[in-house]
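In: with the input below, show me the fold.
(one chain, ligands or ions: 2)
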Amino acid sequence: MGSEVTLKLPVIDFTNLKLEANNPNWEEVKSQVHKALVEYGCFEAIFDKVPLDLRKAIFGALQDLFDLPLQTKILNVSKKPYHGYVGQYPMVPLFESMGIDDATIYDKVESMTNILWPDGNQSFRHVPLKFSNAYILSELDQIIRKMVLESLGIEKYLEEHMNSTNYLLRVMKYKGPQTSDTKLGLSAHTDKNIVTILYQNQVEGLEVLTKDGKWISYKPSPESFVVMIGDSLHAWSNGRLHSPFHRVMMSGNEARYSTGLFSIPKGGSIIKAPEELVDEEHPLLFKPFDHVEFLKYYYTEKGQADSFALRTYCGV
Ligand SMILES: O=C(O)CCC(=O)C(=O)O
Ligand SMILES: [Fe+2]
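Out: Ligands and ions are numbered 1, 2, ... in the order given. Next comes the predicted model:
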């Protein structure tokens, strides 16, 4: 009898690890992070526990948000594609998403809340901030990026690298398709940013593609976050770190709610692999590029149909 091996994402424990503290297990965790990001471009992170009441508040707030009438949700507009409200796509009708730019800045979250709930919604106002700030998800992002730069031997660029990004919090809803058949929730894609940190309710659906073409299904748990490398860090690391294809597949009746904290290169910052990472064995893979200019290509019809948009745009 053949036995099927169920693939699992690597799991890395960040409990009690702090950015500025002297952490006895820093080196050990760093080597796990490097290995996972080279092999999978992705891992499951166990981080400071999210208390049950905050978890309830987050997913309760998301339900309130997506239950708003469509004409209210579309008021959350953004000049940047995919940073405002998106949904009702014919290709992926189960999917809706709202972006909260600069989610670590109180005033930004407040102005979005005022647009969506002119009568006030205290509970929503506090959730994104708590989530990206107090829950120090942005700290997890920075820990990972520091570990990555140290592992690649280019920590001298740390400050410049950290200062060249900001954060977008995007929240997603995938309706249950009301059938036991599996339906596409979100098409396979690679992220275009630096690092993505996903957190979700109990409904499964996220799948990550391995380098040898197998889909790994992620089994969510309240303590864990999914960390994923985007194309910008793939390019900046001159291909050392993988940026994996991933998708969402839905079945059943329950809605899946998820949140993503995306570190994104600031407009005008040029992504160019450091010279230390380019040599005969590792020729330059991507010409230096401005992320905002790249996104302009990515959001054209041609770019959207292109699974390897970065390679097309600036591959060497
Ligand atoms: O909902 C998820 O877990 C995945 C979302 C995603 O891949 C994205 O927003 O880029
Ligand atoms: Fe994604």
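In: use CA for all of it now, contacts and neighbours both
Out: Noted.
In: thought residue 210 was touching residue 244?
Out: Yes - Residue 210 is within contact range of residue 244, at 7.1 Å (criterion: C-alpha atoms under 8 Å).
In: how about the strands in the stretch 1-150 of the chain?
Out: 11-13, 42-46, 85-87, 95-101 (DSSP state E, counting those that start in this stretch).
In: right, so of those, which gets closest to residue 231?
Out: Among the strands of the stretch 1-150 of the chain, strand 42-46 comes nearest to residue 231, with 12.4 Å by C-alpha to C-alpha.
In: what about the closest one and ligand 1, touching?
Out: No - residues of strand 42-46 are not located near ligand 1 by C-alpha under 6 Å from any ligand atom, the shortest gap being 11.9 Å.
In: okay, now the unreliable bits of the chain?
Out: 1-4, 49, 103-107, 126, 128-136 (pLDDT under 70).
In: residues contacting the spatially most central residue of it?
Out: Centroid-nearest residue in the chain: residue 196, 2.3 Å away (criterion: C-alpha atoms, centre = their mean). Residues near residue 196 by C-alpha atoms under 8 Å, 6 or more residues apart in numbering: 226, 227, 228, 229, 230, 260, 261, 262, 263.
In: how about a cut-off of 10 Å?
Out: 42, 141, 167-169, 225-230, 259-264 (C-alpha atoms under 10 Å, 6 or more residues apart in numbering).
In: phi first, then psi, for it.
Out: When read as degrees, to the nearest 10, the backbone of residue 196 gives phi -120, psi 140.
In: so which residues on the stretch 51-200 of the chain come close to ligand 1?
Out: 172, 191, 198.
In: which of those are buried?
Out: 172, 191, 198 (16 or more other C-alpha atoms under 10 Å).
In: hang on, the earlier thing: can you put the strands of the stretch 1-150 of the chain in JSON lines and add mean neighbour count and distance to residue 61?
Out: Shown next, in JSON lines, are the strands of the stretch 1-150 of the chain (neighbours: other C-alpha atoms under 10 Å; distance: least, C-alpha to C-alpha, whole Å):
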{"stretch": "strand 11-13", "mean neighbour count": "16", "distance to residue 61": "28"}
{"stretch": "strand 42-46", "mean neighbour count": "24", "distance to residue 61": "23"}
{"stretch": "strand 85-87", "mean neighbour count": "20", "distance to residue 61": "16"}
{"stretch": "strand 95-101", "mean neighbour count": "22", "distance to residue 61": "12"}
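In: would you turn the ones you listed into CSV with distance to residue 71?
Out: Formatted as CSV, the strands of the stretch 1-150 of the chain follow (distance: least, C-alpha to C-alpha, whole Å):
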stretch, distance to residue 71
strand 11-13, 41
strand 42-46, 36
strand 85-87, 11
strand 95-101, 13
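In: can you say which of those is nearest to residue 291?
Out: strand 95-101 (16.2 Å).
In: give the residues shared as contacts by residue 210 and residue 244.
Out: Common neighbours of residue 210 and residue 244 (C-alpha under 10 Å, 6+ apart) are 39, 40, 41, 42.
In: what is the nearest of those to ligand 1?
Out: Among the shared contacts of residue 210 and residue 244, residue 42 lies closest to ligand 1 (C-alpha to the nearest ligand atom), at 11.9 Å.
In: who's in contact with that closest one?
Out: 9-11, 33, 35-36, 195-197, 208-210, 226-230, 241-244, 246.
In: what helix or strand is the closest residue to residue 313 other than its chain neighbours on?
Out: What sits nearest to residue 313 in space, not counting adjacent residues and going by C-alpha to C-alpha, 6 or more residues apart in numbering, is residue 294, at 6.9 Å. For residue 294, the host element (DSSP states H and E) is helix 291-298.
In: list the buried residues in the helix or strand just after that helix.
Out: Remark: after helix 291-298, the chain's next helix or strand is helix 301-304, criterion DSSP H and E. Going by neighbour count (16+ other C-alpha under 10 Å), the buried part of helix 301-304 is residue 303.
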